[in-house]
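# The sequence and its predicted three-dimensional model are supplied below.
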Amino acid sequence: MSDSQSDTDYFQEIVAEIETEARNRAATGEYPRALLRSLEEEFRRWIPDASLENGVEDTIRGIEAASYVDASVPLESRSSVGSFVKWVVRRLTYFYHRHMAQQVTALGIHVTRPLRLLDAMLKNIDRRVSAIEDQLDVGAAARSELIAGIANTCVPEEFKEILLEHLTDAPGRVVFGDLFQPELLRFLSRQSVDIYGVSPTGDTIEAVDVRQEQLLDHLNHLESDVLGGFVLCGVTDRGSLNEQLRVLRLLLLRSKPGAPVAVIVAHPESLSSRFGPVATDLLHGRPLHPETWCYLLSREHASDLTVTEASDSTCSLITAKLQ
Amino acid sequence: MRWKAVHQFVPMLAHGDAIGSHVMWIREHLRSRGCHSEIFVGDENSATTKESFNLDEVDRHIHSHSDTLLLYHVAQASPCADFLATRQESLGLIFHNFTPPELLIRWDPDTAFEILNAQDQLAELIGKSQFAICDSQFNSEVLAGFGKVKSFVVPLPLREIAVVKAKADEPPVILFVGRVAPNKAIHDLIASMAVLHQVFPDAKLRIVGSSTVDPYDAALEGLIAALGLKDVVTLTGWVTEDELELEYQSASIFCTLSDHEGFGVPIVEAMARGIPVVAYENTAVGETVGEAGLLLTSKAPTVVATALERVLSDTELFDRLAASGHRRSRVFSGALVADGLDKALSWDESL
């Protein structure tokens, strides 16, 4: 075996090993999930067109290949004389056939080049629409009417101490959103937890830092890895599945490694008994079961997952620590 | 050689870029064979006015139409193409390929449309050409899409280069050399560096090459800042040849994740210096690297980072890549490329 052949085999084996190893590392969390999330998010922000899917592009390539015209007429014939005559005719008329073929090929190129640009533009639009769709809740009007009639779940008193203990050594500011619960914030602040609230409702209250804005908007404007932890509630009862997952994704992205996190969520069964059949149908997917939150957090390799159910079984508190 | 004069036409002549160096090399080679050879440009560059002439000076240099070959370097739209379409001398093309406009349209629509013009010019000119010289088999296949023409694959020549050894005690340096353009996928390199940085915190990425389009530069700067890589990634901008040599000397690995390459001069330059090459296989990258580098089929940051980490930590792999790359680079030696060029220039359609 030559040097180059043995190198080829060796390098190909190494590449296969590398690709397997990279997959395993991503799956086991050896490459931090927070980092991979951050890459995805920052790519979406800065390089939205980093990848172009194929599809129309392949079709255009096919058109281009098909529009190529070969000026060389085949010479096959049953007799050698016939073949020779064809060769002479082709030789004599080659300049003409070639001229015609070039013009037809050039026409094909003129037609497909603008199509290529159109294809690129359509992909761009498609990508942007997908991004917008991702954030839109179709049928939002009907749902918001229903949601308006549903009282927010209050954080039970018995969760206060658990939250305090969980958040005490947070490695930075903790965000509490999007329920308006100034008493709980004041309690935690007085116990030296560096915490602030984000809620679209409620009035400004002295000595409690509550930002009056949508939690999604607030998180969108934060830098990555700035939060020391989070308590997610409110939106967990009312938000669409997309909203809830998007908020969680942003919270994970904005939180530092090792941050304590908590989710407070009403029990779906207890809420559906209050909602009635219409709201239960139209507000599908919310609130999520505590098991679902545990799954979502463990998928991000969060550790120390604990679920505490309220004594009246109306809601649960899920706590965990990010990696 | 049957031509007494072979003159080259190039959209613009620049020192230091791949096409500019190629044009100069061909001129010197032709002159060494006793051929009259000059360079004509579509757009003048103040840095190379002593090396080239404008199109309106062509007739002063052509003494016999039948013994003169005009060679046109096809890479971008140029007044040269329209000029050559009207000439009666024999015409040959040197096809360097075009960046696909769909890769540029979002960042640099003007250039994307200029490339469409260049493609139209090529479609018009190809019927008039006797033959074409392509930098790679990939380019030859692309050219065939524009029309039928006898095509020769002659790569770009490599100048004499000494093998360099990166100092073992220096932090690892991942090097990319090339224009900072969207189709070069610098953003993918930066993303991969973010992952590699987890394992090799002292590793650096150096992007050596001039910038091309402001919005892409701004996006890269934003991405670098957002990923916290300001101290890790350096965009040097344009460098002199001496500075480029220093960059190669300090490199541990050459890495390219480019989405489109018609050849890949920096890949060959890195291989010639014994620098291991890690590359994303597509367009002409695979045939340039040959069997002498790690050709990845995915450029997911985790895959690229794992590959870089493996090369940095596996001494046997590092040494084999370095030796194999150096062997491979000999294929692009000036002598071999000169033979290929002579063969192409000696081809006679009537034979």
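Done, it's in. Numbers count the residues shown, from 1 in each chain, chains lettered A, B, ... in the order given.

# For stretch B:159-174, what is the spacing between the initial and final residues?
23 Å (CA to CA, to the nearest Å).

# show me where chain B has helices.
Secondary structure of chain B by DSSP state H: the helices cover B:18-32, B:58-61, B:79-85, B:109-125, B:137-144, B:186-199, B:214-226, B:241-249, B:265-272, B:285-289, B:301-313, B:315-329, B:334-346.

# Quick check on the nearest residue to B:Asp120 once chain neighbours are set aside: phi, psi?
Leaving aside its chain neighbours, B:Asp120 sits nearest to A:His110 (6.6 Å; criterion: CB to CB, 6 or more residues apart in numbering or on different chains). For every residue, glycine as well, the C-beta is placed using N, CA and C. Note on A:His110: its backbone torsions stand at phi -60, psi -40 [degrees, to the nearest 10].

# By mean pLDDT, which helix or strand of the chain comes out lowest?
Since no chain was named, I'll use chain A. Lowest on mean pLDDT, DSSP states H and E among the helices and strands of chain A sits helix A:56-66, with a mean of 60.

# that's the wrong chain, I wanted chain B
Across the helices and strands of chain B, mean pLDDT, DSSP H and E gives its lowest value to helix B:109-125, namely a mean of 86.

# What helices and strands are in contact with that helix?
Contact here means 3 or more CB pairs under 8 Å, 6 or more residues apart in numbering or on different chains; DSSP states H and E; on that basis helix B:109-125 packs against helix A:80-135, strand B:68-74, helix B:79-85, strand B:90-95.

# Flag every buried residue along that helix.
By neighbour count with 16 or more other CB atoms under 10 Å in any protein chain shown, helix B:109-125 contains the buried residues B:111-116, B:118-125.

# and if you look at stretch B:297-307?
By neighbour count on 16+ other CB under 10 Å, the buried set for stretch B:297-307 is B:298-307.

# Can I get these in a markdown table including distance to chain A and pLDDT?
Compiled in a markdown table, those are given as follows (distance: CB to the nearest CB, whole Å; pLDDT from 0 to 100):
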| residue | distance to chain A | pLDDT |
| --- | --- | --- |
| B:Ser298 | 6 | 92 |
| B:Lys299 | 10 | 92 |
| B:Ala300 | 7 | 92 |
| B:Pro301 | 6 | 94 |
| B:Thr302 | 4 | 94 |
| B:Val303 | 4 | 96 |
| B:Val304 | 8 | 97 |
| B:Ala305 | 8 | 97 |
| B:Thr306 | 4 | 97 |
| B:Ala307 | 5 | 97 |
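
# What parts of the stretch 201-323 of chain A come near chain B?
When proximity is defined by CB under 8 Å from any CB of the partner chain, the stretch 201-323 of chain A lies next to chain B at A:223-225.

# For those residues, pick the one with the most neighbours.
A:Ser224 (20 neighbours; other CB atoms under 10 Å in any protein chain shown).

# Quick one: residues contacting that residue.
Contact analysis of A:Ser224 by CB atoms under 8 Å, 6 or more residues apart in numbering or on different chains lists A:38, A:41-42, A:253-254, B:226.

# Which one of these is nearest to A:Ser192?
A:Arg254 (22.0 Å; CB to CB).

# so the closest one touches A:His218, yeah?
No: if you go by CB atoms under 8 Å, A:Arg254 and A:His218 don't touch, sitting 9.6 Å apart.

# so where is the stretch 201-323 of chain A shaky, pLDDT-wise?
A:203-207, A:284-286 (pLDDT under 70).

# quick one on the thing from earlier: by mean pLDDT, show me the worst of the helices of chain B.
When the helices of chain B are compared by mean pLDDT, helix B:109-125 comes last with a mean of 86.

# Dump the C-alpha coordinates for that helix into CSV.
The C-alpha trace of helix B:109-125 is given here as CSV (Å, rounded to 0.1, in the frame of the first residue of the first chain):
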residue,chain,number,x,y,z
PRO,B,109,-26.3,42.5,-3.6
ASP,B,110,-24.2,44.7,-5.9
THR,B,111,-21.5,42.0,-6.1
ALA,B,112,-24.1,39.3,-6.6
PHE,B,113,-25.6,41.1,-9.6
GLU,B,114,-22.1,41.8,-10.9
ILE,B,115,-21.4,38.1,-10.8
LEU,B,116,-24.6,37.6,-12.9
ASN,B,117,-23.1,40.0,-15.4
ALA,B,118,-19.9,38.1,-15.4
GLN,B,119,-21.8,34.9,-16.1
ASP,B,120,-23.6,36.5,-19.0
GLN,B,121,-20.2,37.7,-20.4
LEU,B,122,-18.8,34.2,-20.1
ALA,B,123,-21.8,32.7,-21.9
GLU,B,124,-21.2,35.2,-24.7
LEU,B,125,-17.5,34.7,-24.9
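
# I'd like the distance between the closest residue to B:Pro11 other than its chain neighbours and B:Leu143.
Spatially, and ignoring its direct neighbours in sequence, B:Pro11 is nearest to B:Ser78 (3.6 Å; CB to CB, 6+ apart). Distance, B:Ser78 to B:Leu143, by CB to CB, to the nearest Å: 17 Å.

# Ok, B:Ile105 next?
Using CB to CB, we find B:Ile105 at a distance of 22 Å from B:Leu143.

# now B:Asp259
Distance, B:Asp259 to B:Leu143, using CB to CB: 19 Å.

# repeat for B:Pro101
17 Å.

# What of B:Ser64?
In terms of CB to CB, B:Ser64 sits 29 Å off from B:Leu143.

# just A:Tyr295 next, same as before
The value you get for A:Tyr295 to B:Leu143, if CB to CB is used, is 54 Å.

# With neighbour numbers in mind, choose between those two.
Between A:Tyr295 and B:Leu143, counting by other CB under 10 Å, B:Leu143 is the more crowded of the two (22 against 12).

# now B:Phe152, which residues is it bridged with?
B:Ile133 (DSSP bridges).

# Pull the number of nearby residues for it.
Applying other CB under 10 Å, we find 17 residues neighbouring B:Phe152.

# Equivalent analysis for A:Thr201, please.
Counted with other CB under 10 Å, the neighbours of A:Thr201 add up to 11.

# thinking it is in contact with A:Gln181, fair?
No: look at A:Thr201 against A:Gln181 with CB under 8 Å: they stay out of range, at 11.0 Å.

# Let's have the buried residues of stretch B:297-307 in a markdown table, adding distance to B:Asp314.
Listed next are the buried residues of stretch B:297-307 as a markdown table, based on distance: CB to CB, whole Å:
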| residue | distance to B:Asp314 |
| --- | --- |
| B:Ser298 | 20 |
| B:Lys299 | 20 |
| B:Ala300 | 20 |
| B:Pro301 | 20 |
| B:Thr302 | 18 |
| B:Val303 | 16 |
| B:Val304 | 16 |
| B:Ala305 | 14 |
| B:Thr306 | 12 |
| B:Ala307 | 11 |
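
# tell me which of those is nearest to B:Arg179?
B:Lys299 (18.2 Å).

# re the thing from before, of the helices and strands packed on helix B:109-125, flag the one that's most buried.
Mean neighbours per residue, mean count of other CB atoms under 10 Å in any protein chain shown, is largest over the helices and strands packed on helix B:109-125 for strand B:68-74, with a mean of 25.

# Establish whether it and chain A are in contact.
No: Strand B:68-74 lies out of reach of chain A by CB under 8 Å from any CB, never closer than 13.8 Å.

# partners of that strand in the sheet?
strand B:5-10 (parallel), strand B:90-95 (parallel).

# Let's test this: mean pLDDT of that strand, rounded?
96.

# which element follows the helix or strand that contains A:Phe230 toward the C-terminus?
Using DSSP states H and E, A:Phe230 sits within strand A:229-232. Once strand A:229-232 ends, the next helix or strand along the chain (criterion: DSSP H and E) is helix A:235-238.

# List of residues touching that next one?
A:147, A:150, A:152-153, A:177-178, A:215, A:243-244, A:247, A:263-266, A:271, A:286-288, A:293.

# same thing but at 7 Å, please
A:147, A:152-153, A:178, A:215, A:243-244, A:247, A:263-266, A:271, A:286-288 (CB atoms under 7 Å, 6 or more residues apart in numbering or on different chains).

# any idea which of the residues you listed has the most stuff around it?
Counting by other CB under 10 Å, top hit in the contacts of helix A:235-238: A:Ile264 with 29 neighbours.
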